[in-house]
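>>> I would like to see how this sequence folds:
(one chain, ligands or ions: 1)
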Amino acid sequence: MTDPEEIRKEIPSYAFIALTRRGMEKISLDQCFLKNCDNENPDLLEPFKKEEYEDEKRQTKEIYIKCKVCNGVFILKLVTLKRVAKSTKEESEDPLAMGMVYALDEKKKI
Ligand SMILES: [Zn+2]
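Numbers count the residues shown, from 1 in each chain. Down below sits the predicted model:
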């Protein structure tokens, strides 16, 4: 069984999110991203499933969340781009280049 509280810990409170029309914005993730729903109460948002995968360039986590206000399901897709390993002597660079979050609906459409 997946523990919703365990998944919830993996969701950052704030993130830079890619919104279709508004570009990149820093927003709270404690809200329902479905149309016509203004739920911003984290108690009414229940993460119930997590999928993780990674390839050479990025690590991706998809967290499925059910909103108890509109009864809809949406997916927070957290993408961390990895810095491609280089054989330089630069030590000042962070190993993690950047993270991005997308809010998708159940059919994985933004
Ligand atoms: Zn909702």
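>>> Quick check: residues of the chain near the ion?
Contact residues (CB under 5 Å from the ion) of the chain with the ion: 32, 34, 37, 39, 67, 69-70. Glycine gets a C-beta too; all of them are placed from N, C-alpha and C.
>>> Let me see the ranges of the helices in the protein.
Assigned by DSSP state H, the helices in the chain fall at 4-8.
>>> show me where it has strands.
For the chain, the strands defined by DSSP state E cover 14-19, 23-28, 45-54, 58-67, 73-82, 96-105.
>>> closest one to Arg8 among the ones you listed?
Closest approach to Arg8 among those (CB to CB): strand 45-54, 5.4 Å.
>>> Against which helices or strands is the closest one packed?
Secondary-structure packing of strand 45-54 (3 or more CB pairs under 8 Å, 6 or more residues apart in numbering; DSSP states H and E): helix 4-8, strand 58-67.
>>> buried stuff in that strand?
In terms of neighbour count (16 or more other CB atoms under 10 Å), strand 45-54 has its buried residues at 45-47, 50.
>>> quick one: which of the residues you listed is nearest the ion?
If you rank the buried residues of strand 45-54 by distance to the ion using CB to the ion, Leu45 comes first, at 7.9 Å.
>>> got a list of what the closest one touches?
Shown in contact with Leu45 (CB atoms under 8 Å, 6 or more residues apart in numbering): 30-32, 39, 65-68.
>>> ok, now Ile75?
When contacts are counted by CB under 8 Å, 6+ apart, Ile75 touches 62-65, 103-106, 108.
>>> Recalculate using a threshold of 7 Å.
Ile75 is in contact with 62-64, 104, 108, counting by CB atoms under 7 Å, 6 or more residues apart in numbering.
>>> where does it land on pLDDT?
At Ile75, the model reports a pLDDT of 94.
>>> Quickly compare the helices and strands packed on strand 45-54 and say which is most buried.
Mean neighbours per residue, mean count of other CB atoms under 10 Å, is largest over these for strand 58-67, with a mean of 18.
>>> Identify the residues contacting that strand?
With contact meaning CB under 7 Å, 6+ apart, strand 58-67 is reached by 7, 10-11, 32, 34, 37, 39, 44-54, 73-82.
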